[in-house]
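A.B. asks: Model the following, please.
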Amino acid sequence: MKNLKQIIAAGVIGTTALNAQVKDHQLDVMNQLATPSHVSVMPVSQLLNAPGNEALRDFFFNPVKDKTILKGKKIAVLAADGFEEIELTGPVWYFRELGAQVDIVAPKFNPAPARYGLSTPEMAKTHIMAIQYLQPVGWIKFDKTADQIKTSDYDAVFIPGGAWNPDNLRYDKDVIKFIQDFNKSGKLIAAICHAPVVLASADILKGRKLTGYWNIQIDLKNAGGIVSDQPVVVDANIITSRHPIDVADFSRAVESWLAKK
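C.D. replies: Here you go, the predicted model:
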């Protein structure tokens with residue numbers, strides 16, 4: 001007959017083996033739920049040096065001759081986590097080179113419920129995350145939140161693309177109201193790449209001519225827009241473009257519109 005020590009030892013060994021089986025099962029499940037981290041990316045240097053983008057490269061590398069063209073103009077950049085890096089930093093750099101005051105405006109920080117399982121860095125309260133196509137690459141500090149601005153503060157509003165960014169913006173009630181009010185004022189609204197879907201959510205596209213990233217052109221048509229596949233489309237107070245390769249044409253179109261006002 002086994003003594004008490006033998007019984008306890010056998011129980012411990014059995015429990016250890018069971019725990020090991022449980023952990024092996026959990027690890028197996030986790031390996032099936034997770035995927036390898038291989039991400040497509042679009043570095044700025046690679047974009048500017050890609051064949052066919054010589055004009056885009058020249059746009060950034062040729063010095064701006066007149067740095068007062070947009071002096072006195074105020075531009076709000078509406079952006080959230082997941083903005084396409086060059087579609088924000090490129091136009092912002094250019095508008096500032098021309099003398100404009102540019103404020104980066106983000107939705108008010110609203111942490112997700114704990115059950116979502118999201119891990120959010122502390123800097124997300126004051127910064128928004130940039131991406132290069134699919135890869136998060138860095139953070140940029142915003143100046144104001146969407147609940148702090150009004151139409152009379154700015155001469156133009158500009159929305160960069162990136163698939164995640166517009167999706168975050170279009171759900172924010174302060175962003176949508178600001179765009180609707182801005183449109184009623186007749187002031188310039190400019191959007192590039194995926195960003196025109198924010199205008200669709202604001203319900204301001206019926207009968208308007210515009211363009212956008214190829215994947216969303218059907219959404220723009222469904223929102224009542226008249227869509228064409230061109231680098232830049234200007235319709236009254238709305239300017240739109242399709243892709244990072246259109247950043248130069250897009251920025252110049254915004255410059256031309258504001259310079260006439």
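A.B. asks: and residue 37, which of the three is it?
C.D. replies: For residue 37, the assignment made with DSSP: H, G, I helix; E, B strand; the rest coil gives coil.
A.B. asks: Quick check: it vs residue 167, distance?
C.D. replies: Taking CB to CB, to the nearest Å as the measure, residue 37 and residue 167 are separated by 22 Å. In this view, the C-beta of every residue, glycine as well, is placed from N, C-alpha and C.
A.B. asks: Compare these two (neighbour count), which wins?
C.D. replies: Neighbours of residue 37 and residue 167, each counted by other CB atoms under 10 Å, are more numerous for residue 167; the result is 16 against 6.
A.B. asks: Tell me which helix or strand that one sits in.
C.D. replies: With elements taken from DSSP states H and E, the one containing residue 167 is helix 164-169.
A.B. asks: so what does that helix touch, helix or strand wise?
C.D. replies: The helices and strands touching helix 164-169, judged by 3 or more CB pairs under 8 Å, 6 or more residues apart in numbering; DSSP states H and E, are strand 83-84, helix 196-201.
A.B. asks: residue boundaries of the helices in the protein?
C.D. replies: When assigned using DSSP state H, the helices of the chain occupy the ranges 4-33, 44-48, 54-61, 85-97, 164-169, 173-185, 196-201, 217-222, 247-259.
A.B. asks: care to break the protein down by domain?
C.D. replies: Described in terms of automatic domain parsing, the domain architecture of the chain consists of the residue ranges 1-34, 44-259.
A.B. asks: tell me the most buried of the ones you listed?
C.D. replies: Greatest average neighbour count among the domains of the chain goes to domain 44-259 (a mean of 18), per mean count of other CB atoms under 10 Å.
A.B. asks: And the pLDDT at the closest residue to residue 124 other than its chain neighbours?
C.D. replies: Computed as CB to CB, 6 or more residues apart in numbering, the closest residue to residue 124 that is not its neighbour in sequence is residue 109, at 6.6 Å. Residue 109 is assigned a pLDDT of 91 by the prediction.
A.B. asks: coming back round to it: take the helices of the chain and lay them out in JSON lines including mean pLDDT.
C.D. replies: Listed next are these as JSON lines, based on pLDDT from 0 to 100:
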{"stretch": "helix 4-33", "mean pLDDT": "67"}
{"stretch": "helix 44-48", "mean pLDDT": "92"}
{"stretch": "helix 54-61", "mean pLDDT": "94"}
{"stretch": "helix 85-97", "mean pLDDT": "97"}
{"stretch": "helix 164-169", "mean pLDDT": "96"}
{"stretch": "helix 173-185", "mean pLDDT": "97"}
{"stretch": "helix 196-201", "mean pLDDT": "98"}
{"stretch": "helix 217-222", "mean pLDDT": "97"}
{"stretch": "helix 247-259", "mean pLDDT": "97"}
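A.B. asks: can you list contacts of stretch 125-143?
C.D. replies: For stretch 125-143, the external contacting residues (CB atoms under 8 Å, 6 or more residues apart in numbering) are 39-44, 79-86, 88-89, 103-106, 109, 123, 162, 164.
A.B. asks: tell me how far the ends of that stretch are from each other?
C.D. replies: The stretch stretch 125-143 measures 12 Å between its terminal residues, going by CA to CA, to the nearest Å.
A.B. asks: How about the contacts made by the spatially closest residue to residue 55 that is not a sequence neighbour?
C.D. replies: Computed as CB to CB, 6+ apart, the closest residue to residue 55 that is not its neighbour in sequence is residue 248, at 6.3 Å. When contacts are counted by CB under 8 Å, 6+ apart, residue 248 touches 55, 56, 59, 60, 90.
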